[in-house]
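Engineer: here you go, sequence then predicted model.
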Amino acid sequence: MSDDADVIDDVFAVIEDRKENLPEGSYTTSLFTHEKGENAVLEKLGEETTELILAAKDDDREELAHESADIVYHLLVLLSMKEMDVDDLREELAERR
Ligand SMILES: N=c1c2ncn([C@@H]3O[C@H](COP(=O)(O)OP(=O)(O)OP(=O)(O)O)[C@@H](O)[C@H]3O)c2ncn1[C@@H]1O[C@H](COP(=O)(O)O)[C@@H](O)[C@H]1O
């Protein structure tokens, strides 16, 4: 495993911090504070999934990684908005093994 093994937990911790402290100038803060922030997250997930499909069809691995990261980030924001966390995702995956 690389040094980035915990990066998903790290990013989720930053998202939780943004939700609590709402620092100005943060994109994540804007998602939590804007009236239509949840809709914006859902729209992003839809758009990025389409972009991911196109990248996969083109065998564009760099773009595939980029869109995957966009999706994971916005998914983590959505989980946080719903008072869920990465452990909920882990548990669901673990149950399927
Ligand atoms: N992982 C992300 C992340 N992924 C995407 N985005 C933002 O999401 C917004 C919309 O993404 P888009 O995919 O539409 O933007 P794009 O990449 O230009 O568009 P495409 O090329 O995909 O079409 C952009 O402003 C991106 O910067 C993110 N913003 C923040 N994070 C993480 O959250 C942390 C806190 O960020 P702030 O809240 O901004 O401080 C950062 O340090 C990162 O770790």
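Structural biologist: Happy to help now that I have it.

Engineer: touching, Val11 and His74? I think so.
Structural biologist: No - Val11 sits out of contact with His74 when judged by Cβ atoms under 8 Å, with a separation of 11.1 Å. Where C-beta positions appear, they are placed from N, C-alpha and C, glycine not excepted.

Engineer: those two: who's more crowded?
Structural biologist: When neighbours are counted by other Cβ atoms under 10 Å, Val11 and His74 differ, and His74 comes out ahead with 21 against 17.

Engineer: mind checking pLDDT for the more buried one?
Structural biologist: What the model reports as pLDDT for His74 is 98.

Engineer: ok, now Met1?
Structural biologist: In this prediction Met1 is given a pLDDT of 52.

Engineer: list the contacts of the spatially most central residue of the chain.
Structural biologist: Closest to where the C-alpha atoms of the chain average out (Cα atoms, centre = their mean) is Tyr73, at 1.9 Å. The contact partners of Tyr73, by Cβ atoms under 8 Å, 6 or more residues apart in numbering, come to Val11.

Engineer: mind listing what's buried along the host helix or strand of it?
Structural biologist: Secondary structure here is read from DSSP states H and E; on that basis Tyr73 sits in helix 61-81. For helix 61-81, the buried set under the neighbour-count rule, 16 or more other Cβ atoms under 10 Å, comprises 64, 67, 70-81.
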